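Chemist: Starting from these lines, generate the structure:
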Amino acid sequence: MARITDTRCPHCQKPMQRWANPQVTSWNGEFQWVCFNDECPYYLRGWEWMKSHFNVTASYRYRLEPQSGESGPLPVWSRDALKSNILAEEADADA
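Modeler: Residues are numbered from 1 along each chain as shown. Take a look at the predicted model:
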């Protein structure tokens, strides 16, 4: 399996943060990389898209699952939703 080395968001180029997976989930591993940049265009345009397609006040953030390489939206209902699961920065083991 290829090691993911670029953890920048492809939509805004900002570094993504490690986010702890919920205990009850179908995702593999302990965490995912998530873009929590509140100015990311993917996140910003998500508000309008979700309202026009589903009539809900919600958006999504870009996520990347490190074990499988799968990426996609992580639904959020507010600017601060899910930020409590952001993990502390980890020192690079290769340094």
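Chemist: partners of the spatially most central residue of the chain in the sheet?
Modeler: Centroid check for the chain by Cα atoms, centre = their mean gives V34 as the closest residue, at 2.3 Å. V34 has these beta-bridge partners by DSSP bridges: Q17, R63.
Chemist: Surely it touches K14?
Modeler: No: shown here, V34 and K14 do not form a contact pair, counting by Cβ atoms under 8 Å, at 11.2 Å. All C-beta spots, glycine's among them, are computed from the backbone N, C-alpha and C.
Chemist: quick one: the strands in the chain?
Modeler: All strands of the chain, identified by DSSP state E, fall at 17-20, 31-34, 59-64, 71-76.
Chemist: Now for the closest residue to A20 other than its chain neighbours: which residues touch it?
Modeler: Counting by Cβ to Cβ, 6 or more residues apart in numbering, the nearest residue to A20 once its immediate chain neighbours are dropped is N85, at 4.4 Å. Taking Cβ atoms under 8 Å, 6 or more residues apart in numbering as the contact definition, N85 lies against W19, A20, P22.
Chemist: Name the residues that touch stretch 39-54?
Modeler: Applying Cβ under 8 Å, 6+ apart, the external contacts of stretch 39-54 come out as 9, 11-12, 14, 35, 37, 56-62, 73, 76.
Chemist: make it 7 Å
Modeler: Outside stretch 39-54, the residues that touch it by Cβ atoms under 7 Å, 6 or more residues apart in numbering are C9, H11, C12, K14, V56, T57, A58, S59, Y60, R61, Y62.
Chemist: now these: which count as buried?
Modeler: Neighbour counting over the contacts of stretch 39-54 (16 or more other Cβ atoms under 10 Å) leaves C9, H11, C12, S59, Y60, R61, Y62 as the buried ones.
Chemist: Surely the last one is in contact with N37?
Modeler: Translated: Y62. No: between Y62 and N37 there is no contact under Cβ atoms under 7 Å: 9.2 Å.
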